[in-house]
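Asks: My questions are about this predicted structure, shown below with the sequence.
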Amino acid sequence: MTAGDGGRFPTELPRREFIKLCLTATAMMGLPLSMHGRVASTVQSSARPAVIWLHFQECTGCSESLLRSSHPSVSSLILDLISLDYHETLMAGAGAQAEQTLRESMAANRGKYLLVIEGAIPKAQNGIFCKVGGKTALELIREVAPGAAAVLCIGTCSSFGGIQSVGVNPTGAVGVKDLVTDKPIINIPGCPPNPYNFLSTVLYYLTFKRLPELDAMGRPKFAYGRKIHEHCERRPHFDAGRFAQAYGDAGHAQGHCLYKLGCKGPATYANCSVQRFNDVGVWPVSIGHPCIGCTEPDILFKLPIAEKVQIHDPTPFDSYAPANLKEKGKGPDPVTTGVVGLAAGALIGAGIMLAKKLPNSAPAQTGETQHHEPAE
Ligand code: FSX
Ligand code: SF4
Ligand code: F3S
């Protein structure tokens with residue numbers, strides 16, 4: 001199939017779907033929609049950058065979430081956009097042939113290839129806990145990273161260490177930023193991350209030949225610039241004080257806020273509710289599970305699922321639909337909202353009434369661990 005206006009065109013995508021994907025990615029990057037033509041031109045360009053994709057300590061869920069959608073659009077677009085020279089899960093070659101492919105791609109594209117890392121790197125005991133092709137992950141990253149133009153960390157494991165770095169961390173697992181200090185690094189956390197965030201980051205880099213604006217934790221601001229709590233469909237219930245108190249209770253069944261079940265949305269920067277997962281458009285909170293903060297290094301696997309986080313910014317946006325205040329709940333407790341002494345009396349009843357009087361106190365994105373607050 002051809003695009004009709006010249007250039008390469010993703011083979012598996014009908015034009016309508018191709019344009020829709022480019023528009024979605026353009027919107028996600030926070031660019032004017034009129035720029036979708038430039039994004040589409042990038043995709044159609046014949047210059048496909050070499051990508052070397054290394055797997056270390058992980059579950060391969062990051063690759064799976066990218067590739068296993070029932071509509072193959074995202075994976076098709078990504079695989080058409082780049083020249084995936086080395087990917088241990090996907091490549092047909094194996095053994096010495098695969099190792100040769102890696103060496104050839106590194107030599108031919110030195111200084112230009114994108115290095116994608118999936119999984120954490122164990123440092124303890126000289127990295128003996130993870131070996132590929134007879135080399136430790138530590139040796140591989142030291143060998144491959146110097147020739148890369150930039151490193152993309154897909155998933156929380158490569159971004160921050162992930163599940164294997166939690167607790168006693170017997171393998172000494174770390175994220176890429178703890179090992180590679182002289183290359184641009186983009187973290188795309190999530191366990192697994194949303195494939196659209198990966199696609200949009202790659203598209204941004206290829207379209208503008210520079211990194212997108214990153215937050216203090218190296219995450220693209222266009223995808224991780226706001227907290228889930230700010231754009232959650234259950235937020236009107238939070239503001240009106242309507243909470244699920246237990247899994248399966250009436251509030252849970254009616255779609256009320258999951259804060260009291262431990263939802264980490266008030267402390268988690270991600271775009272899940274806006275750019276949902278899979279073709280059916282779901283995300284954890286939409287199917288009744290609290291967010292576990294999978295994009296946050298100090299929350300995921302570190303705070304118990306049921307533990308509540310501190311709420312720093314109880315103020316809803318003016319653009320929100322008004323909460324149904326006739327059906328009032330108990331409201332978030334004053335200690336949790338962090339406004340004790342400010343207007344504690346007003347907190348009783350609908351939280352939104354108080355919230356409208358408060359400044360929006362969103363903290364800087366420091367990534368510090370949010371504090372546990374007592375249950376009411
Ligand atoms: Fe980690 Fe990727 Fe979690 Fe798994 O491979 S981010 S364990 S879902 O998927 O690296
Ligand atoms: Fe949504 Fe969780 Fe915030 Fe409730 S606490 S509004 S479920 S993000
Ligand atoms: Fe992860 Fe929370 Fe989104 S658990 S997928 S950041 S809703």
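Replies: Noted; the coordinates are in hand. Ligands and ions are numbered 1, 2, ... in the order given.
Asks: near ligand 1, which residues of the stretch 151-300 of the chain?
Replies: Within the stretch 151-300 of the chain, the positions near ligand 1 by CB under 6 Å from any ligand atom are Gly155, Thr156, Cys157, Gly162, Ile163, Cys191, Pro192. C-beta here means a position set from N, CA and C on the backbone, and glycine is covered the same way.
Asks: Contacts only, for the third one.
Replies: Taking CB atoms under 8 Å, 6 or more residues apart in numbering as the contact definition, Cys157 lies against 56-58, 62, 118-120, 163-165, 173, 175, 191.
Asks: Try it again at 10 Å.
Replies: Residues in contact with Cys157, defined by CB atoms under 10 Å, 6 or more residues apart in numbering, are 55-59, 61-62, 117-121, 163-165, 173-176, 189, 191-192.
Asks: That one is in what secondary structure piece?
Replies: Using DSSP states H and E, Cys157 sits within helix 156-160.
Asks: Averaged pLDDT, that helix. What do you get?
Replies: When pLDDT is averaged over helix 156-160, the result is 98.
Asks: quick check, that helix touching ligand 3?
Replies: No. If you take CB under 6 Å from any ligand atom as the test, helix 156-160 misses ligand 3, and the best it gets is 8.8 Å.
Asks: neighbours around the closest residue to ligand 3 within the stretch 51-200 of the chain, how many?
Replies: Nearest residue of the stretch 51-200 of the chain to ligand 3: Gly190, at 5.6 Å (CB to the nearest ligand atom). Residues contacting Gly190 under the criterion other CB atoms under 10 Å number 27.
Asks: Could you do Leu23 as well?
Replies: Neighbour number of Leu23 under other CB under 10 Å is 15.
Asks: Now do the contacts for the residue nearest to it when sequence neighbours are not counted.
Replies: Among residues not flanking Leu23 along the chain, His36 sits closest, at 4.8 Å (CB to CB, 6 or more residues apart in numbering). Applying CB under 10 Å, 6+ apart to His36 gives the contacts Ile19, Lys20, Leu21, Cys22, Leu23, Thr24, Ala25, Thr26, Ala27.
Asks: which SS state does the last one fall under?
Replies: Read that as Ala27. helix (DSSP: H, G, I helix; E, B strand; the rest coil).
Asks: Skipping adjacent residues, who's closest to it in space?
Replies: Nearest residue to Ala27, sequence neighbours excluded (CB to CB, 6+ apart): Leu33, at 6.3 Å.
Asks: and what of the first one?
Replies: Counting by CB to CB, 6+ apart, Ile19 lies nearest to Ala40, which is 6.8 Å off, once chain neighbours are set aside.
Asks: my guess is the one you found contacts Leu13, does it?
Replies: No. If you go by CB atoms under 10 Å, Ala40 and Leu13 don't touch, sitting 11.3 Å apart.
Asks: which residues of the stretch 251-376 of the chain fall in helices?
Replies: Using DSSP state H, counting those that start in this stretch, the helices of the stretch 251-376 of the chain run over residues 334-337, 344-347, 351-355.
Asks: How about the stretch 51-200 of the chain?
Replies: Under DSSP H, counting those that start in this stretch, the stretch 51-200 of the chain gives helices at 61-67, 73-81, 95-108, 137-144, 156-160, 195-208.
Asks: Report the residue spans of the protein with pLDDT below the cut-off.
Replies: By pLDDT under 70, the weakly predicted segments of the chain are 1-12, 46, 69-72, 315-376.
Asks: how about Gly111, phi and psi?
Replies: Dihedral angles of Gly111 (phi, psi; degrees, to the nearest 10) stand at phi 80, psi -10.
Asks: Contact partners for it?
Replies: Pro146, Gly147, Ala148, Ala149.
Asks: among the residues you listed, which ones are buried?
Replies: Restricting those to buried positions leaves Gly147, Ala148, Ala149, with burial counted as 16 or more other CB atoms under 10 Å.
Asks: nearest spatial neighbour of Gly255, skipping sequence neighbours?
Replies: Arg234 (6.4 Å).
Asks: Ok, Glu88 next?
Replies: His55 (5.2 Å).
Asks: What about the one you found, how many residues nearby?
Replies: Neighbour tally, His55, other CB under 10 Å: 21.
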